[in-house]
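Peer 1: my questions concern the predicted model and sequence given below.
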Amino acid sequence: QGRLVESGGRSVQAGGSLRLDCIGSGRAFSGKNMAWFRQAPGKERESVAIISQNGGSTIYAESVKGRFTISRDNAKNTLYLQMNSLKPEDTAVYYCAAALSWGTHVSLYGYWGQGTQVTVSS
C-alpha cells in the first residue's frame, strides 16, 4: 500500500512561478521512478516530467523543457516540480505518479495522487 499527496497548485499570472510538492508514503515512493503528469479539460493525461529512483535521470516533455525542473528528496519521500515562466497552456490538473518501470506512458504508473489544480491566466 502507499499514498501520494500533491500540494502547491494555485492560480498565477503568465510568466510567474510555482512549485508543486508530492509527499509519498509506503510503497508509493521508496524505490520508485516518479513522474508529474497533467490533464487539461477535454484532453488526455500527458507526461510532464519523470525522474529515476536515484534522481540521476530525467525526461521532460518538449513543451516544458527549459521552464520546469523535476527533483526529489528521497530522505523526505518528496517529489518536486519547479515551474517557471508559466503559460496559459500550462493550465491543468497536475498529478504525481510512481512506477517501478521507466517511461512516460500513463499505463506504467500504478500509484497516483489526487491532483492539484494549476491555473495560469494571461
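Peer 2: Arrived safely. Predicted model only: the values in this text are computed from it and were never measured.

Peer 1: residue closest to the middle of the chain?
Peer 2: The centroid of the chain falls nearest to residue 36 when counting by CA atoms, centre = their mean (2.1 Å).

Peer 1: that residue pairs with what?
Peer 2: With DSSP bridges as the criterion, residue 36 is bridged to residue 49, residue 96.

Peer 1: same deal with residue 121?
Peer 2: According to DSSP bridges, beta-bridge pairing links residue 121 with residue 13.

Peer 1: how far away is it from residue 83?
Peer 2: Using CB to CB, to the nearest Å, residue 121 is found at 14 Å from residue 83. From N, CA and C alone the C-beta is placed, and that goes for glycine too.

Peer 1: alpha carbons only: can I get the helix or strand that contains residue 38 in PDB?
Peer 2: Element membership for residue 38, per DSSP states H and E: strand 33-39. Extracted C-alpha coordinates of strand 33-39, given in PDB (Å, rounded to 0.1, in the frame of the first residue of the first chain):
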ATOM      1  CA  ASN A  33      10.600   6.100 -10.600                       C
ATOM      2  CA  MET A  34       8.500   9.200 -10.100                       C
ATOM      3  CA  ALA A  35       6.600  11.500 -12.500                       C
ATOM      4  CA  TRP A  36       4.400  14.500 -12.900                       C
ATOM      5  CA  PHE A  37       1.500  14.300 -15.300                       C
ATOM      6  CA  ARG A  38      -1.100  16.900 -16.200                       C
ATOM      7  CA  GLN A  39      -4.500  16.800 -17.700                       C
END
